[in-house]
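Enquirer: model this:
(chains A and B)
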Amino acid sequence: MGVLTNRAKTLEQKPMTFWESLYLPAIFKGMAITFGHMFRKKPTINYPEQKRPFSPVFRGLHVLNRDAEGRENCTACGLCAVACPAEAITMEAAERQVGEEHLYREEKYAAKYEINMLRCIFCGLCEEACPKDAIYLSETFAPSDFTRKGFVYGKENLLIPHPVNEKEKYEMARGQREQQLKNK
Amino acid sequence: MIDVWFGLEKLLLIGAIISFSLVVAMYTTFAERKIAGFMQDRRGPNRAGPFGLLQPLADGLKLFFKEEIIPLTSNKSLFVVGPALAMLTAMLTSAVIPWGNQIEIAGRTVSLQVADVNIGILYVFGVVSLGVYGIMIGGWSSNNKFSLLAAVRGASQIISYELAMGLSLISLLLMTGSLSLKTIVEQQMQGGWGGLLGWNILYQPFAFLIFLICVFAECNRTPFDLPEAENELNFGYHQEYSSMKLGLYLFSEYVNMFISSAVVSTLFFGGYDIPFVNEVELANSIGVNMVALLGFLTFFAKIAFFLFVFIWVRWTIPRFRYDQLMDLGWKKLIPLALANLLITAVVILALNK
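Expert: Predicted coordinates:
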């Protein structure tokens, strides 16, 4: 049979020489190699204690955003749900009542907003579809859970902490976000 | 009255040796996994306790709590006897190994050897041959083709390698002139440099090499772990076993490793002899008991080294093919051992003239 590529090597299978048929030299060589490997630096990352740094454009868990006064940005327009290729987002809209102006920025808001994290593919299309900067993908990913139900995240899991009342938590949740927006 | 104390002393010693070998075997499983990890650039188990030190306990507990299954078509009594026999034969050998020199408690001299029989090595061989039954009975009573195949393989492998093992030892026995392990150790302690020059490895390197290879085969360790070849025999003779019965089989392998390491250290590496130290002079300055303790620690260090070699080889070399295994045993090791025997005999004869 002809040679198909110029990288092909013909393998010569000679009978073993006496030195090779002793096996022992080859075995000692192999043992030296494995012994050397014992002292190599291990590439393992001890996960819960150590964490691998993510890239600045990492797309993790979703966050429902508030404005500077702590009002929810989302108007339940449904564009994110439409954009979602995995159909992971469901929502129910409600009308803002008088006296709720400090809670919701516009007259319509999402009474229920759920993302199924098992369906989500973390593509970030919801973030791109949102006209109100109400949803964005953060740097963390969903922690493990024992039930499927636990992966359906509601508003209580998604909403960012109040920027005035819970300033520290808010800062933590924002993380490197401002810096990343600037870099974009 | 003396007999009661003698019996008590021996009972204590037996209990101590058995629990000690079990603990060592337990931590050998841990060392196995840890070293395997290191050699593959991993960390090995490190979650249970500090550095994963409680891992063997967790493994043992897991095995105890597993469901015990006895297959319907198996021979039920033999199915239970198999693992028990494997463990029993693994432990029996420890009786003739001298674990240290004698100690003195309340004016009595206590030997750190359960039985100093004058046919020590023959006893070791006898018990090791019985080890085949553990595998054979386990594989046969499972009533499973894979198990039976594995058992037949294991039995023929152990029997074949016992020949080369025995022949390699005969050349050693020609030198020592005694079958008692205690005497062999004491002879090695007479050498220069505090005993180091008396070690049999210096006089019988070939016998040592053949013996070591055969020990690997007897313990069913890689590269000779054909009886449990996972990829062709589905785990071999203990395929049908579950729970602690499986645990006993796996565990007896490690106890076997421990005892074999002890035998190799005794025969070729001076046993409890401390290199560069004259034990008799040391005993005059720090007492007999301290010397016995130091001797035991030295012995244990030698054993630990051989345990490491067992593990080291396992994670380096792939398994032999079955015909290669038989070739090596019958066509290479036995002629080599015979040649070694002949040369040893000629040299001893020439030196004595």
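Enquirer: quick one, longest helix in chain A?
Expert: helix A:24-37 (DSSP state H).
Enquirer: Send over that helix as CSV, restricted to the C-alpha atoms.
Expert: Taking C-alpha atoms only, helix A:24-37 is exported to CSV below (Å, rounded to 0.1, in the frame of the first residue of the first chain):
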residue,chain,number,x,y,z
LEU,A,24,14.7,-5.0,33.3
PRO,A,25,16.6,-2.0,31.7
ALA,A,26,13.3,-0.8,30.2
ILE,A,27,11.5,-1.4,33.5
PHE,A,28,14.1,0.6,35.5
LYS,A,29,13.9,3.4,32.9
GLY,A,30,10.1,3.5,33.4
MET,A,31,10.5,3.5,37.1
ALA,A,32,12.8,6.4,37.0
ILE,A,33,10.3,8.3,35.0
THR,A,34,7.4,7.6,37.3
PHE,A,35,9.6,8.5,40.3
GLY,A,36,10.5,11.8,38.7
HIS,A,37,6.8,12.5,38.3
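Enquirer: how far is it from where the chain is centred?
Expert: Here helix A:24-37 shows a centroid-to-chain-centroid distance of 42 Å under the convention Cα atoms, centre = their mean, to the nearest Å.
Enquirer: So for it, mean pLDDT?
Expert: The average pLDDT for helix A:24-37 rounds to 90.
Enquirer: So which bits of that helix are buried?
Expert: Across helix A:24-37, burial judged by 16 or more other Cβ atoms under 10 Å in any protein chain shown covers A:G30, A:M31, A:T34. C-beta: built from backbone N, CA, C; applies to glycine.
Enquirer: Would you reformat those residues as JSON lines and include distance to chain B?
Expert: Formatted as JSON lines, the buried residues of helix A:24-37 follow (distance: Cβ to the nearest Cβ, whole Å):
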{"residue": "A:G30", "distance to chain B": "5"}
{"residue": "A:M31", "distance to chain B": "5"}
{"residue": "A:T34", "distance to chain B": "5"}
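Enquirer: residues of the following helix or strand past the longest helix of chain A that come out buried?
Expert: Sequence order places strand A:62-64 as the next helix or strand after helix A:24-37, per DSSP states H and E. Neighbour-count burial for strand A:62-64, counted by 16+ other Cβ under 10 Å, picks out A:H62, A:V63, A:L64.
Enquirer: who touches the second one in this structure?
Expert: Contacts were defined as Cβ atoms under 8 Å, 6 or more residues apart in numbering or on different chains; by that measure A:V63 touches A:I135, A:Y136, A:L137, A:S138, A:L158, A:L159, A:I160, A:A173.
Enquirer: Neighbours of the third one, how many?
Expert: The reference is to A:L137. 19 (other Cβ atoms under 10 Å in any protein chain shown).
Enquirer: how about the nearest residue to it once chain neighbours are set aside, what does it touch?
Expert: Leaving aside its sequence neighbours, A:L137 sits nearest to A:R59 (Cβ to Cβ, 6 or more residues apart in numbering or on different chains; 4.2 Å). Residues in contact with A:R59 (Cβ under 8 Å, 6+ apart) are A:F122, A:C123, A:G124, A:L137.
Enquirer: The last one contacts A:F122, correct?
Expert: Yes. Applying Cβ atoms under 8 Å, one finds A:L137 in contact with A:F122, separated by 6.6 Å.
Enquirer: Could you tell me which residues touch both of these two?
Expert: Here A:L137 and A:F122 share the contacting residues A:R59, A:G60, scored by Cβ under 8 Å, 6+ apart.
Enquirer: Next, work out how far apart the residue nearest to A:L137 and chain B are.
Expert: A:R59 is 30 Å from chain B, where distance means Cβ to the nearest Cβ, to the nearest Å.
Enquirer: For A:E72, see how far away that residue is.
Expert: Using Cβ to Cβ, to the nearest Å, A:R59 is found at 22 Å from A:E72.
Enquirer: and what of B:Y133?
Expert: For B:Y133 relative to A:E72 (Cβ to Cβ), the value is 76 Å.
Enquirer: Now do the SS call for A:T147.
Expert: Assigned by DSSP: H, G, I helix; E, B strand; the rest coil, the conformation of A:T147 is coil.
Enquirer: Please name the residues that touch the most centrally placed residue in chain A.
Expert: Geometric centre of chain A, nearest residue: A:G60, 3.1 Å, by Cα atoms, centre = their mean. By Cβ under 8 Å, 6+ apart, the residues touching A:G60 are A:F54, A:F122, A:L137, A:S138, A:E139, A:T140, A:F141.
Enquirer: Test for you: state the pLDDT assigned to the fourth one.
Expert: Yep, that's A:S138 we're talking about. In this model, A:S138 carries a pLDDT of 85.
Enquirer: How about the last one?
Expert: Predicted confidence (pLDDT) for A:F141: 74.
Enquirer: do you know how far the nearest residue to it once chain neighbours are set aside is from chain B?
Expert: Excluding the flanking residues, the one nearest A:F141 by Cβ to Cβ, 6+ apart is A:G60, at 4.6 Å. When distance is defined by Cβ to the nearest Cβ, A:G60 is 25 Å away from chain B.
Enquirer: Just give me the residue right at the centre of chain B.
Expert: So for chain B, Cα atoms, centre = their mean, it's B:S260, sitting 1.7 Å from the centre.
Enquirer: Pretty sure that residue sits against B:R221.
Expert: No. Using Cβ under 8 Å, B:S260 is not in contact with B:R221; the gap is 9.2 Å.
Enquirer: Can you show me the strands along the stretch 251-353 of chain B?
Expert: With strands called from DSSP state E, counting those that start in this stretch, the stretch 251-353 of chain B shows none.
Enquirer: Quick one: name the residues of it near chain A.
Expert: The stretch 251-353 of chain B has residues B:W312, B:V313, B:W315, B:T316, B:I317, B:L328 near chain A, with proximity defined as Cβ under 8 Å from any Cβ of the partner chain.
Enquirer: For A:E92, state which of the residues you listed is nearest.
Expert: When those are ranked by distance to A:E92 (Cβ to Cβ), B:W315 comes first, at 58.5 Å.
Enquirer: what angle sits between the longest helix belonging to chain B and helix A:24-37?
Expert: As assigned by DSSP H, the longest helix anywhere in chain B is helix B:2-39. Helix B:2-39 runs at 80 degrees relative to helix A:24-37, counting by axes from the mean of the first three to the mean of the last three Cα atoms, to 10 degrees.
Enquirer: gap between helix B:2-39 and the chain center?
Expert: With Cα atoms, centre = their mean, you get 12 Å for helix B:2-39.
Enquirer: on that earlier part again, by neighbour count, which of the contacts of A:V63 wins?
Expert: Going by other Cβ under 10 Å, A:I135 tops these with 23 neighbours.
Enquirer: Need the phi and psi values for it.
Expert: phi -130, psi 140 (degrees, to the nearest 10).
Enquirer: What residues does it make contact with?
Expert: A:H62, A:V63, A:L64, A:N65, A:C74, A:C80, A:C126, A:E127.
Enquirer: is it in a bridge, and if so with what?
Expert: Beta-bridge pairing for A:I135 (DSSP bridges): A:L64.
Enquirer: Please tell me how far it sits from chain B.
Expert: 37 Å.
Enquirer: tell me the pLDDT at that residue?
Expert: Reported pLDDT for A:I135: 90.
Enquirer: on that earlier part again, which residues touch the longest helix of chain A?
Expert: With Cβ under 8 Å, 6+ apart, helix A:24-37 has contacts from A:W19, A:E20, B:F38, B:M39, B:Q40, B:D41, B:L209, B:W312, B:V313, B:W315, B:T316, B:I317.
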